[in-house]
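In: Quick one: sequence plus predicted model below, questions after.
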Amino acid sequence: MAKDLIIACDFPGAAETLAFLDRFSEEKPFVKIGMELFYAEGPQIVRAIKARGHRIFLDLKLHDIPNTVRKAMRSLAALDVDIVNLHAAGSRAMMASALEGLTRPDGSRPLLIAVTQLTSTDQQTLEQELLIDRPMEEVVLSYAKNAADAGLDGVVCSPLEAGLVHAHCGAQFLTVTPGVRFADADKGDQKRVTTPAQARALGSDYIVVGRPITEAADPVAAYRRCREEFLS
């Protein structure tokens with residue numbers, strides 16, 4: 001399975017997003033479309049970026065009752081994206097329903113992955129606000145096992161948990177990991193972070209990187225640096 005870097009295109013609208021992607025004349029980066037951009041522009045931004053030849057991770061983190069999520073996934077399946085996600089906290093039943101909705105009549109579907117715990121959540125937040133009185137690694141692994149049992153393709157987790165997930169869910173069970181920063185960069189609102197090289201060593205399959213690339217003085221150079229550090 002090929003590893004890759006996914007750029008988080010967390011821009012307020014289509015104009016900024018497409019202008020950013022125009023800077024990549026030699027590459028077609030794998031991109032993430034999240035809530036900010038999707039809610040601003042709707043499905044048309046997915047179609048526009050897909051028409052340019054980019055692979056797309058549609059990061060909407062669905063979390064609702066199983067029937068609602070199944071129907072929502074049926075709509076998303078028509079967008080021809082490459083990865084879709086939801087919150088593992090919604091239960092195995094919700095994840096199984098999502099998989100059912102995402103699968104097209106011909107049996108094809110995007111990859112479906114589940115968010116375990118956000119990389120902005122630390123152990124203190126887990127215990128004091130979410131009232132989950134278990135170690136972070138144990139919580140992430142439990143959610144990952146539920147996702148695997150529901151038939152999903154992988155999870156979103158911190159690089160710090162990637163090796164643990166692979167050890168218990170298999171080498172082919174994907175780990176898509178945000179919380180990646182250059183060693184000389186600010187962490188922003190992320191709390192469980194690594195460098196691209198550390199993410200590679202820990203077993204991440206895909207890293208998701210936003211501001212260190214999108215806010216760089218030279219985004220293309222930052223993308224190439226990050227990809228080289230992760231894949232070398």
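Out: Perfect, thanks for sending it. Nothing here was measured: the structure is a model prediction, and the numbers come from that model.

In: could you point out which element follows the longest strand along the chain?
Out: Taking DSSP state E as the criterion, the chain has its longest strand at strand 56-62. Note on strand 56-62: by DSSP states H and E, the next helix or strand toward the C-terminus is helix 66-77.

In: So for the longest strand of the chain, what gets flagged as buried?
Out: With burial defined by 16 or more other Cβ atoms under 10 Å, the residues of strand 56-62 counted as buried are I56, F57, L58, D59, L60, K61, L62. Yep, even glycine has a C-beta here, placed from its N, CA and C like the rest.

In: Give me the three-state assignment for the closest residue to the last one other than its chain neighbours.
Out: Right, the one you point to is L62. In space, and not counting its chain neighbours, L62 is closest to L86: 4.1 Å by Cβ to Cβ, 6 or more residues apart in numbering. When classified by DSSP: H, G, I helix; E, B strand; the rest coil, L86 comes out as strand.

In: Quick check: L86 vs E16, distance?
Out: With distances taken as Cβ to Cβ, to the nearest Å, L86 is found 27 Å from E16.

In: what about these two, which has more around it?
Out: L86 (27 against 15; other Cβ atoms under 10 Å).

In: low-scoring stretches of the chain, by residue?
Out: Within the chain, the segments meeting pLDDT under 70 span 1, 185-192.

In: related to what we said a few turns ago, out of the buried residues of strand 56-62, who's nearest A162?
Out: Ranked by distance to A162 (Cβ to Cβ), these are led by F57 at 16.4 Å.

In: check contacts around the closest one.
Out: 6, 30-33, 81-85, 176, 206, 208 (Cβ atoms under 8 Å, 6 or more residues apart in numbering).

In: hmm, 7 Å instead?
Out: With contact set as Cβ atoms under 7 Å, 6 or more residues apart in numbering, F57 has these partners: I6, F30, K32, D82, I83.
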